[in-house]
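In: after the sequence you'll find the predicted model.
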Amino acid sequence: MADWPIAEVARMSGVTARTLRHYDEIGLLPPARIGSNGHRRYEERQLLRLQQILVLRELGVGLPELMAAGADAGSDAVLDEADGQYRSLTGLSPVSADEFRAIGRSCVDDEQWQDAYESIAPGLAAYQCAAFEAYVAGRLPVA
């Protein structure tokens, strides 16, 4: 599995390595691993979490709220919201897990949908897609 050093993650994300170390210290974004040399390494899961954190920060959510709400797309609060969306859809018409997953993917695959999400906040389309995927994986029964 690919991983990136803290300096590369800082460069890619536009946050400082100091910010990433702070997020680790407060438990908001621990790295995937810390090498024997003490260097933090991040995998795709942490990069997605960082993207979610940055989107929510851009929307004005503070660090205490991020920590309390668990900004991870797989957190209970986010999954509860996705559950509400799923129930609303199934109230109109039956929706399979694959169809709900496809709706989530359309947030990033469909240019108009992606533009609409990104106009709200950069990274929001990917966050919505990840939330739907986490909901299907964690809360919908396997068909």
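Out: Right, received. Where do you want to start? Residues are numbered from 1 along each chain as shown.
In: contacts only, for Pro31.
Out: Contacts of Pro31 were listed using Cβ atoms under 8 Å, 6 or more residues apart in numbering, and they are Ile6, Leu20, Asp24, Arg40, Arg41, Tyr42, Gln46. In short, each C-beta sits where N, CA and C put it, glycine included.
In: quick one, which of those residues are buried?
Out: Ile6, Leu20, Asp24, Arg40, Arg41, Tyr42, Gln46 (16 or more other Cβ atoms under 10 Å).
In: element containing the residue lying closest to the fourth one once chain neighbours are set aside?
Out: Counting by Cβ to Cβ, 6 or more residues apart in numbering, the nearest residue to Arg40 once its immediate chain neighbours are dropped is Pro31, at 3.8 Å. Using DSSP states H and E, Pro31 sits within no helix or strand.
In: lowest-confidence helix or strand of the protein?
Out: helix 63-69 (a mean of 63; mean pLDDT, DSSP states H and E).
In: helix or strand right after it?
Out: On the C-terminal side of helix 63-69, the closest following helix or strand by DSSP H and E is helix 76-92.
In: quick check: buried residues in that next one?
Out: Val78, Leu79, Ala82, Gln85, Tyr86.
In: wait, the third one sits on Cys129?
Out: So the one you mean is Ala82. No. Counting by Cβ atoms under 8 Å, Ala82 does not reach Cys129; the two are 11.0 Å apart.
In: could you chop the protein up by domain?
Out: 4-69, 76-139 (automatic domain parsing).
In: least confident of those domains, on average?
Out: Comparing mean pLDDT across the domains of the chain, the weakest is domain 76-139, with a mean of 82.
In: which residues of the chain fall in helices?
Out: Taking DSSP state H, the helices of the chain run over residues 6-13, 17-25, 44-58, 63-69, 76-92, 97-109, 111-120, 124-139.
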